[in-house]
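Participant: coords please:
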Amino acid sequence: MSTIETGSVEPRGDAPADGRAEARAPRVEVLPARDVPLGGPRAMTVRRTLPQRSRPLIGAWCFVDHYGPDDVAETGGMDVAPHPHTGLQTVSWLFTGEIEHRDSLGVHAFVRPGELNLMTGGHGICHSEVSTPATTVLHGVQLWVALPEEHRHTERDFHHHVPRPVPLDGGEARVFLGTLAGDTSPAPTFTPLLGAELTLDPHATVTLDVDPAFEHGLLVDRGEVRMAGTPLRPAELGYLAPGTATLTLTNTTDTEARTILLGGPPFEEQIVMWWNFIGRSTEEIAQAREDWEKGDRFGEVHGYAGARLPAPVLPSVPLKPRGRAR
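Facilitator: Take a look at the predicted model:
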């Protein structure tokens, strides 16, 4: 992953000069996306909205990549060679296409639309991700969750879950992590989390009961959606601070809108993120890099046709810790 964070919160909304609208609705920050190459020499371009300087995390969610819809015949699709992870969980979610997953647990699985693949890196895991020959259009999100101190060296793990569609008055939800709209995912997490795909009917308004202890992020995939009254365009991420027990979303377009809703209580720990590692210090990250280059900590991925990704060179200055925006 890139460690360069650009972009800033974009003020937007229809608040009058006297501030009366702020009293009626919670303030939503709009986080724009930036284009980032992903996957080494055969890189595909993704739109990244988290982390940003102004907003490093939303709950324990620390990484949001959004890609597609890509015509695989033109782009070549996804081909990410074996690479390592520490101190995190990866959340793979597709809208269209199919990705073949192989990891050092020996798991050989597929990511398909509407199905969750949740991989726990813990002390160390490696995996590869390749779009399948049957894929013509690739479109989805790749998300990371930071593990808290007491669990960040846990054993590597993998879970698959197919959430049921939950009808809403004006749309539909698929809850892949946590609880929303009366449905709870069985997928295990190490901090309270919410992750759900929400679709909204044309010009529909949906009000959801949410945990007021959570901060929330809404990524718009398609359509234009108002989050608590603030307009969000495709690829933008809206942020809402804790303190709200309901969340109102409105699709302002003539076609179905699709979003990803993320949430969790503020993550109070400082973390260090570099490449595919999450740790707590530059020294810890350097050790993980050395272990990957030696090849004795993360195991092996079997069945991938090609070499694994080499680790990039560490910066010559100490890595900057990041934590909850205050």
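
Participant: what ranges do the strands span in the stretch 1-150 of the chain?
Facilitator: Taking DSSP state E, counting those that start in this stretch, the strands of the stretch 1-150 of the chain run over residues 28-31, 34-38, 44-50, 61-71, 79-85, 88-96, 99-103, 108-111, 116-120, 125-131, 137-146.

Participant: which one of these lies nearest to residue 305?
Facilitator: Evaluated with CB to CB, the strands of the stretch 1-150 of the chain place strand 125-131 nearest to residue 305, the distance being 8.6 Å. (Each C-beta comes from the backbone N, C-alpha and C, glycine too.)

Participant: for residue 307, find the nearest of the strands of the stretch 1-150 of the chain.
Facilitator: Comparing these against residue 307 with CB to CB, the closest turns out to be strand 79-85 (6.4 Å).

Participant: run the chain-centre distance for the closest one.
Facilitator: Averaging C-alpha positions (CA atoms, centre = their mean, to the nearest Å) puts strand 79-85 17 Å from its chain's average.

Participant: one step back: which among the strands of the stretch 1-150 of the chain is found nearest to residue 244?
Facilitator: In this view, those are compared for proximity to residue 244 by CB to CB, and strand 28-31 is the closest at 10.1 Å.

Participant: can you tell me which helices and strands that closest one packs against?
Facilitator: For strand 28-31, the helices and strands in contact under the criterion 3 or more CB pairs under 8 Å, 6 or more residues apart in numbering; DSSP states H and E are strand 230-232, strand 237-240.

Participant: point to the residue nearest the middle of the protein.
Facilitator: Centre of the chain computed as the mean C-alpha position; nearest residue by CA atoms, centre = their mean is residue 143, 2.3 Å away.

Participant: pretty sure that one is touching residue 61, no?
Facilitator: Yes - taking CB atoms under 8 Å as the contact criterion, residue 143 and residue 61 are neighbours in contact, 6.4 Å apart.

Participant: overlap in contacts, the two.
Facilitator: Common contacts of residue 143 and residue 61 (CB atoms under 8 Å, 6 or more residues apart in numbering): residue 262.

Participant: beta partners of the residue nearest to the centre of the chain?
Facilitator: Beta-bridge pairing for residue 143 (DSSP bridges): residue 64, residue 91.

Participant: list the contacts for it?
Facilitator: 61, 63-65, 90-93, 195, 262.

Participant: at 7 Å instead, please
Facilitator: 61, 63-64, 91 (CB atoms under 7 Å, 6 or more residues apart in numbering).

Participant: closest one of those residues to residue 127?
Facilitator: Taking CB to CB as the measure, residue 91 is the one of these closest to residue 127, at 13.1 Å.

Participant: what residues does stretch 310-326 touch?
Facilitator: With CB under 7 Å, 6+ apart as the test, stretch 310-326 has contacts from 51, 54-57, 266-275, 282, 285-286, 289, 292-293.

Participant: please apply the same query to stretch 223-237.
Facilitator: With contacts defined as CB under 7 Å, 6+ apart, stretch 223-237 is touched by 12-13, 25-26, 28, 30-33, 47, 49-50, 64, 66, 200, 217-222, 238, 240, 247-253, 255-259.

Participant: re earlier: and the strands of the stretch 1-150 of the chain as JSON lines, adding mean pLDDT?
Facilitator: Rendered in JSON lines, the data for these read as follows (pLDDT from 0 to 100):
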{"stretch": "strand 28-31", "mean pLDDT": "97"}
{"stretch": "strand 34-38", "mean pLDDT": "86"}
{"stretch": "strand 44-50", "mean pLDDT": "91"}
{"stretch": "strand 61-71", "mean pLDDT": "96"}
{"stretch": "strand 79-85", "mean pLDDT": "96"}
{"stretch": "strand 88-96", "mean pLDDT": "98"}
{"stretch": "strand 99-103", "mean pLDDT": "98"}
{"stretch": "strand 108-111", "mean pLDDT": "97"}
{"stretch": "strand 116-120", "mean pLDDT": "98"}
{"stretch": "strand 125-131", "mean pLDDT": "97"}
{"stretch": "strand 137-146", "mean pLDDT": "98"}
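
Participant: so which of the ones you listed gets nearest residue 210?
Facilitator: strand 28-31 (13.5 Å).

Participant: go ahead and confirm residue 120 touches residue 159.
Facilitator: No - applying CB atoms under 7 Å, one finds residue 120 not in contact with residue 159, separated by 8.1 Å.

Participant: before we move on, back to that, format the helices and strands packed on strand 28-31 as a markdown table; extra columns: mean neighbour count, distance to residue 134 and mean pLDDT.
Facilitator: Written out in a markdown table, the entries for the helices and strands packed on strand 28-31 read as follows (neighbours: other CB atoms under 10 Å; distance: least, CB to CB, whole Å; pLDDT from 0 to 100):
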| stretch | mean neighbour count | distance to residue 134 | mean pLDDT |
| --- | --- | --- | --- |
| strand 230-232 | 22 | 32 | 98 |
| strand 237-240 | 24 | 30 | 98 |
